[in-house]
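In: sequence unknown, structure follows:
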């Protein structure tokens, strides 16, 4: 079906969302922009949008095949996906399998420590406030999600982590941590939204023990390591090689 791009609904740091002729669907464009530290650091990488779009599409398909409800419908082009129009819940759900990043900056926990069970952190999605971490009581006070929905979010996140961890393990990648966002579609169903890409996941190459060289995600940009596009291309290559050998 030919989806005609309508007017711009929303533009974020890494994506633009457009209306479709079907009012319950949207076209999501992945941009080449890169931001870090709450957009204090900015750059642009040619081809990044295409890579994140293709990686996200492949991973959403994988989740759907495993019974996880997502907003993804189909890949529209190299930089666009078609998705369900959703009401976004202003919540960022981060699940950590290995300690790194803010967890190590904010606590005495050592970099590289295996977290068993994985740690689930919640943040309030608001750039102006700097996406602050939420306690259970603050979440209740904000009243942005029902207790039942929150239970579902946690259950889905734990399942997604299990699916993705095993999948990336088979591609010789460690899934260090990742962020999920959720929303409600037109029939009120809770779905995984946004994207799943090296922009919001941390990947370490299992075959490389060098703490910097093994990084295959946005930390290469955050830490000025260079090779951002090469890292993203490596993730896509392993995914595509896996799906081609699966047939």
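Out: Cool, the structure landed. Fair warning: this is a prediction, and the values are worked out from it, not measured in the lab.
In: C-alpha from now on. contacts and neighbour counts both.
Out: OK.
In: Show me where the chain has its helices.
Out: Along the chain, the stretches classed as helices by DSSP state H are 48-65, 102-106, 136-142, 147-170, 219-222, 228-245.
In: looking at those, which is buried most?
Out: Among the helices of the chain, helix 48-65 has the highest mean neighbour count (mean count of other CA atoms under 10 Å), at a mean of 21.
In: quick one on the thing from earlier: could the helices of the chain go into JSON lines alongside mean pLDDT and distance to residue 187?
Out: Shown next, in JSON lines, are these (pLDDT from 0 to 100; distance: least, CA to CA, whole Å):
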{"stretch": "helix 48-65", "mean pLDDT": "98", "distance to residue 187": "18"}
{"stretch": "helix 102-106", "mean pLDDT": "96", "distance to residue 187": "36"}
{"stretch": "helix 136-142", "mean pLDDT": "97", "distance to residue 187": "24"}
{"stretch": "helix 147-170", "mean pLDDT": "98", "distance to residue 187": "14"}
{"stretch": "helix 219-222", "mean pLDDT": "97", "distance to residue 187": "37"}
{"stretch": "helix 228-245", "mean pLDDT": "92", "distance to residue 187": "32"}
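In: Which of these sits closest to residue 185?
Out: Within those, the stretch nearest residue 185 is helix 147-170; the backing value is 13.3 Å (CA to CA).
In: Let me see the residues that make contact with the closest one.
Out: With CA atoms under 8 Å, 6 or more residues apart in numbering as the test, helix 147-170 has contacts from 63, 66, 68, 93, 95, 174-175, 180, 182, 190.
In: mind checking how far residue 75 is from residue 192?
Out: Distance, residue 75 to residue 192, by CA to CA, to the nearest Å: 16 Å.
In: So the two - more neighbours on which side?
Out: Using other CA atoms under 10 Å as the criterion, residue 75 and residue 192 rank with residue 192 on top: 24 against 19.
In: Residue 200 against residue 178, yeah?
Out: Yes. Taking CA atoms under 8 Å as the definition, residue 200 is a contact partner of residue 178 at 5.6 Å.
In: Which residue of the two possesses the greater neighbour count?
Out: Each of residue 200 and residue 178 has its neighbours counted (other CA under 10 Å); residue 178 has more, 21 against 17.
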